[in-house]
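S.K.: could you look at this predicted model? Sequence included:
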Amino acid sequence: MMLNKMKYLSLLILALIGTEVKAEKSVFDYDSIWKCDQAKRNWYCDDEEKKSTPAQRNEEKPVASPQQVPQLKDLSKIRTAEELRQELKVREDIAVMIPTEKNIKNYLDAWHMTMDKGTVFADQWRRVVWKNPEYDYSLKSPVNNTAVRTNNQAKDQDRSNYMREIAKEHGLIFFFRSDCPYCHQYAPTLKMLSEMYGIEVLGVSIDGGGLPEFPNPRDGRAVAHKWGIEKVPATFIASKKTGERAPVGFGLMSLQEVIERIWTLTNTQPGQDF
């Protein structure tokens, strides 16, 4: 009987020991060689970083904060034109990107202020000009129809007198080709100019042929090459005394245009009669 009790006691102790051993595994026990457990003794492993799913990546992306709308200035406190330009631009940008009724009204407030300033400036400008003729540019270059017509008549008379005077010491050189349609169209204009003001026109052909108005031209092939004339018709004015020359123009021109160019190039300084 005593032996049986000792036997049961021994079995009970063994059972308790077995349970404890099962509950607390040895540091040398491993479930699998493929499982990383850095808590184990002498165990080293390099786990691959877990790849996040697309959904996780989207969640990890920083959320952009809403764009801050610039603070608008009080228009009554604007003191310079630069401040007004900047404020108008700011309000315009806001109204374009966020076209609410309020934003458009804000822009219109600045726009109307700009227009008001411009209107006052323009009105004051004309008042100053009216009272101070030295600032009135229309006295030099008229703008109303009556004054323009009168001014043009005076100019035409001045130019006619000048053309008759300059014809005494200067002449025109007309380079052309006999097969050039523009030269054929332009030749009568120069012939008329010569008859009106008595200015001599020397016809010079660069291909040896003539025109009806200039049937016996000078051979100008060598001269054209020397002067660098590549396009015809070409018109030059030259001094009969000194031989000095200057181009009047290239291409087809009207009678009035030829007269205007001769007047401008030989009788005025840049900006004088513009």
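M.R.: Yep, that arrived. Numbers count the residues shown, from 1 in each chain.

S.K.: could you use CA atoms for every contact and neighbour count after this?
M.R.: OK.

S.K.: contacts for the helix or strand hosting residue 196, please.
M.R.: Residue 196 is located in helix 181-197, with elements delineated by DSSP states H and E. With contact meaning Cα atoms under 8 Å, 6 or more residues apart in numbering, helix 181-197 is reached by 160, 163-164, 167, 176-178, 199-201, 211, 213-214, 232-233, 251-255.

S.K.: please pick the buried ones from the residues you listed.
M.R.: For those, a burial check counting by 16 or more other Cα atoms under 10 Å picks out 163, 167, 176-178, 199-201, 211, 214, 232-233, 252-253.

S.K.: just these now: which is nearest residue 102?
M.R.: Closest approach between those and residue 102, by Cα to Cα: residue 253, at 58.7 Å.

S.K.: residue contacts, that closest one?
M.R.: Per Cα under 8 Å, 6+ apart, neighbours of residue 253: residue 186.

S.K.: these two touch, right, residue 244 and residue 173?
M.R.: No. At 11.8 Å, residue 244 does not count as touching residue 173 under the criterion of Cα atoms under 8 Å.

S.K.: thinking again about what came up before, max pairwise distance over the buried ones among the contacts of helix 181-197: which two?
M.R.: 163 and 178 (28.0 Å).

S.K.: my guess is residue 240 meets residue 172, correct?
M.R.: No. Here residue 240 does not reach residue 172: they are 9.9 Å apart, not a contact under Cα under 8 Å.

S.K.: quick one: low-confidence residue ranges for the chain.
M.R.: Judged by pLDDT under 70, the chain has its weakly predicted residues at 1-67, 274.

S.K.: again, only using 50
M.R.: 2-3, 12-14, 16-17, 19-24, 28 (pLDDT under 50).

S.K.: please parse it into its domains.
M.R.: Per the record, the chain has its domains at 75-127, 146-267, by the TED database.

S.K.: give me the neighbour count for residue 222.
M.R.: Residue 222: 10 surrounding residues under other Cα atoms under 10 Å.

S.K.: typo on my end, residue 87
M.R.: For residue 87, using other Cα under 10 Å, the count is 21.

S.K.: which parts of the helix or strand containing it are buried?
M.R.: Following DSSP H and E, one finds residue 87 within helix 81-97. Going by neighbour count (16+ other Cα under 10 Å), the buried part of helix 81-97 is 84, 87, 88, 90, 91, 92, 94, 95.

S.K.: pipe the residues you listed into TSV and attach distance to residue 265 per row.
M.R.: Compiled in TSV, the buried residues of helix 81-97 are given as follows (distance: Cα to Cα, whole Å):
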residue	distance to residue 265
84	46
87	49
88	47
90	50
91	51
92	49
94	54
95	53
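
S.K.: would you list every one of the helices in the chain?
M.R.: All helices of the chain, identified by DSSP state H, fall at 2-23, 54-60, 81-97, 101-131, 145-166, 181-197, 221-227, 255-267.

S.K.: can you check what angle separates the last one from helix 145-166?
M.R.: On the basis of axes from the mean of the first three to the mean of the last three Cα atoms, to 10 degrees, helix 255-267 is oriented at 70 degrees to helix 145-166.

S.K.: re the thing from before, among the helices of the chain, which is nearest residue 207?
M.R.: So among the helices of the chain, helix 221-227 is nearest, using Cα to Cα, at 6.7 Å.

S.K.: distance check, the spatially most central residue of the chain against residue 79.
M.R.: By Cα atoms, centre = their mean, the chain has its centre lying nearest to residue 89, at 18.7 Å. Distance of residue 89 to residue 79, computed by Cα to Cα, to the nearest Å: 16 Å.

S.K.: any chance of the buried ones among the contacts of helix 181-197 in JSON lines with distance to residue 74 as columns?
M.R.: Shown next, in JSON lines, are the buried ones among the contacts of helix 181-197 (distance: Cα to Cα, whole Å):
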{"residue": "163", "distance to residue 74": "64"}
{"residue": "167", "distance to residue 74": "69"}
{"residue": "176", "distance to residue 74": "70"}
{"residue": "177", "distance to residue 74": "72"}
{"residue": "178", "distance to residue 74": "74"}
{"residue": "199", "distance to residue 74": "71"}
{"residue": "200", "distance to residue 74": "73"}
{"residue": "201", "distance to residue 74": "72"}
{"residue": "211", "distance to residue 74": "76"}
{"residue": "214", "distance to residue 74": "76"}
{"residue": "232", "distance to residue 74": "65"}
{"residue": "233", "distance to residue 74": "65"}
{"residue": "252", "distance to residue 74": "61"}
{"residue": "253", "distance to residue 74": "59"}
